[in-house]
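K.L.:
make a model of this:
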Amino acid sequence: MAFTVTANDKTISITADNDGPFGTDQNYTNGLQIDYSNSISDLNSIFIRYSPFSLLEHFENNLHKWHISVGQKMWTPSDIQKEHPEPNERPYAGFLYSQGELITISDTSTHTLGLLVGVTGSNSFAEEAQKFVHSLVGSDTPEGWDYQIEDTFIANLSYDGNYLQHTIENKSGLSHEFSTPLRVLAGNYRSELATGIMWRWGLNLQDSLGSAKTENEMSFKPHMVQGKVTGAFLFAGAEARYRFNDITIDGDRPDDVYPTDVEHIQATAVFGGAKYGESMGGSITLAFKSKDFEQDLNRHSANISMSLFWMYK
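P.N.:
Down below sits the predicted model:
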């Protein structure tokens, strides 16, 4: 099947993550990301002709996109009112970043190559952001940001793929879909290998392959939705990963902060839904993950992820 650029080939989206609905304020506690994507119609573009995607069979029939995002994420210990570090707790960590991606989409797979750059530490402005939001909503004031992961410049490469395995069509127009996600990260932010299974059930799934993610952070990719017609689906997925490093856990910190070590073998489960029309849509995801550092006394944690997106010409 050959893809053509749709009438609404540009996408703007905003995604927010938070663990507040689960009554917690710890580990990965908040994230905010703004995204923009656009289609690439010129296959002679240097970004396409000389990219690894040109090695794919029939790549000229695929839909190609570029995507950029800016965002901020933060992690905290379980008791943010304590001024001094405690054992068996992760350090405070903030991350301010931007990511650029090149995407190709066929009817059976999606492939994404990305470069992420950013900063941790005081330059991430996570302390100011959390204190401001908590003052607005009347939550506890975080007292331990003086002991956050120190200032570091971040550079990370990524590959993210999704491979359609099986589709079951129903007479009602609804269908089931099973796919396999694959993710490879390399850099001083995180390095990991991850794979799993994603199930989706809904309407016009062929227009949104690769949009639902098995990660707990930013668990939906609005820029993977084509928006040619109305669509809606429920999804559930799980992944296992081997994480080699994570700067929010093993990064440089003040001497008073207790050491924490990455839990190398991790897992995540997600449950959610999405609905969209030709010009706008939204999604919501509940995500549950195993502990990501060895000293964590909690075996798992959870957060909610919500996205709103607009598609236009």
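K.L.:
can you give me the helices in this protein?
P.N.:
For the chain, the helices defined by DSSP state H cover 46-49, 126-137, 247-250.
K.L.:
what would these look like in TSV with mean pLDDT?
P.N.:
Formatted as TSV, the helices of the chain follow (pLDDT from 0 to 100):
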stretch	mean pLDDT
helix 46-49	68
helix 126-137	93
helix 247-250	97
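K.L.:
ok, which of those helices comes nearest residue 18?
P.N.:
Judged by Cβ to Cβ, the one of the helices of the chain that comes nearest to residue 18 is helix 126-137, at 9.5 Å. (C-beta placed from N, C-alpha, C; glycine too.)
K.L.:
may I have that closest one exported as PDB, CA atoms only?
P.N.:
The C-alpha trace of helix 126-137 is given here as PDB (Å, rounded to 0.1, in the frame of the first residue of the first chain):
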ATOM      1  CA  ALA A 126      12.200  21.300  37.900                       C
ATOM      2  CA  GLU A 127      12.400  22.700  41.400                       C
ATOM      3  CA  GLU A 128      10.700  25.900  40.400                       C
ATOM      4  CA  ALA A 129       8.000  24.100  38.300                       C
ATOM      5  CA  GLN A 130       7.100  21.700  41.100                       C
ATOM      6  CA  LYS A 131       7.000  24.400  43.800                       C
ATOM      7  CA  PHE A 132       4.800  26.600  41.600                       C
ATOM      8  CA  VAL A 133       2.300  23.900  40.800                       C
ATOM      9  CA  HIS A 134       2.100  22.700  44.400                       C
ATOM     10  CA  SER A 135       1.500  26.300  45.500                       C
ATOM     11  CA  LEU A 136      -1.400  26.600  43.100                       C
ATOM     12  CA  VAL A 137      -3.100  23.300  44.100                       C
END
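K.L.:
buried residues of that helix, list them for me.
P.N.:
Neighbour counts using 16 or more other Cβ atoms under 10 Å place 126, 127, 129, 130 of helix 126-137 among the buried residues.
K.L.:
quick one: the closest residue to the first one other than its chain neighbours and residue 207, what's the gap?
P.N.:
In space, and not counting its chain neighbours, residue 126 is closest to residue 94: 2.4 Å by Cβ to Cβ, 6 or more residues apart in numbering. Remark: distance between residue 94 and residue 207 (Cβ to Cβ, to the nearest Å) = 36 Å.
K.L.:
swap in residue 154?
P.N.:
Residue 154 is 34 Å from residue 207, where distance means Cβ to Cβ.
K.L.:
any weak-confidence spans in the stretch 1-150 of the chain?
P.N.:
Within the stretch 1-150 of the chain, the segments meeting pLDDT under 70 span 1-8, 43-45, 47-50, 53-58.
K.L.:
rerun that using 80 as the cut-off
P.N.:
Scanning the stretch 1-150 of the chain for pLDDT under 80 picks out 1-8, 24, 41-61.
K.L.:
any chance you could map the strands in it?
P.N.:
10-18, 27-40, 63-76, 93-105, 109-120 (DSSP state E, counting those that start in this stretch).
K.L.:
export these to TSV and append columns for distance to residue 306 and mean neighbour count.
P.N.:
Converted to TSV, the strands of the stretch 1-150 of the chain look like this (distance: least, Cβ to Cβ, whole Å; neighbours: other Cβ atoms under 10 Å):
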stretch	distance to residue 306	mean neighbour count
strand 10-18	6	20
strand 27-40	11	19
strand 63-76	14	21
strand 93-105	19	20
strand 109-120	22	19
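K.L.:
out of those strands, which is closest to residue 201?
P.N.:
strand 109-120 (18.8 Å).
K.L.:
who does that closest one pair with, and is each partner parallel or antiparallel?
P.N.:
Applying DSSP bridges to the sheet, strand 109-120 is found paired with strand 93-105 (antiparallel), strand 152-169 (antiparallel).
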